[in-house]
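Novice: Please find the sequence and the predicted model below.
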Amino acid sequence: MSKVVIVGKSRINQVVVSKIIEGLGLKPVPETPETATKILLAMVPGAIVLDGGADNKDCDALMPTIAALRRASGQSRPSVILLSNRTGSPENLSLSGLIDVVVAKPITPDRLQPVLNRLISHGHA
């Protein structure tokens with residue numbers, strides 16, 4: 001079973017995202033930005049869901065770790081999804097090149113499930 005690490009400061013968002021991930025038959029692993037680095041290095045997840053917070057910056061400290069995981073995998077894995085208060089592509093929002101997809105808040109199954117399904121079906125998660 002693929003694991004999906006959910007990183008964010010909002011416990012409510014972690015619960016909502018966990019339920020959506022479980023519904024897809026995946027295993028959610030909720031973490032805070034402060035504890036996520038250790039978990040990411042201990043187990044390489046299929047995907048990472050980052051809750052960027054109000055300014056999309058809550059998880060910026062994890063970017064070097066995510067970059068290292070991707071270099072080690074030799075490809076764009078794990079996939080990275082950013083939950084954002086703003087809509088647009090990662091490029092339009094001036095985000096790190098490590099973000100694969102931006103999903104606008106509020107988080108609903110209708111918004112997140114198709115993104116996770118697409119990443120999983122292409123072997124990314």
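Specialist: Thanks, I have it.

Novice: Please name the residues that touch the residue nearest the centre of the chain.
Specialist: Of all residues in the chain, the one closest to the mean position by C-alpha atoms, centre = their mean is Val49, 1.5 Å from it. Val49 makes contacts with Val4, Val5, Ile6, Val7, Gly8, Val17, Ile21, Ile81, Leu83, Leu112, as judged by C-beta atoms under 8 Å, 6 or more residues apart in numbering. (C-beta placed from N, C-alpha, C; glycine too.)

Novice: Looks like the fourth one contacts Glu31 (just checking).
Specialist: In this case it means Val7. Yes. With contact taken as C-beta atoms under 8 Å, Val7 and Glu31 are classed as touching, separated by 5.3 Å.

Novice: Which one of those two is surrounded by more residues?
Specialist: Val7 (28 against 18; other C-beta atoms under 10 Å).

Novice: for the more buried one, which residues make a bridge with it?
Specialist: The residues listed as beta-bridge partners of Val7 by DSSP bridges are Glu31, Leu50.

Novice: Against Glu34, how distant is it?
Specialist: Computed as C-beta to C-beta, to the nearest Å, the Val7 to Glu34 distance reads 10 Å.

Novice: right, and out of the contacts of Val49, which lies closest to Asp60?
Specialist: Within the contacts of Val49, the smallest distance to Asp60 is 11.1 Å, found for Val7 (C-beta to C-beta).

Novice: so what's Ser76 closest to, chain neighbours aside?
Specialist: Beyond its immediate neighbours in the sequence, the residue positioned closest to Ser76 (C-beta to C-beta, 6 or more residues apart in numbering) is Arg70, lying 6.1 Å away.

Novice: residue contacts, Ala54?
Specialist: Applying C-beta under 8 Å, 6+ apart, we find Ala54 in contact with Asn85.
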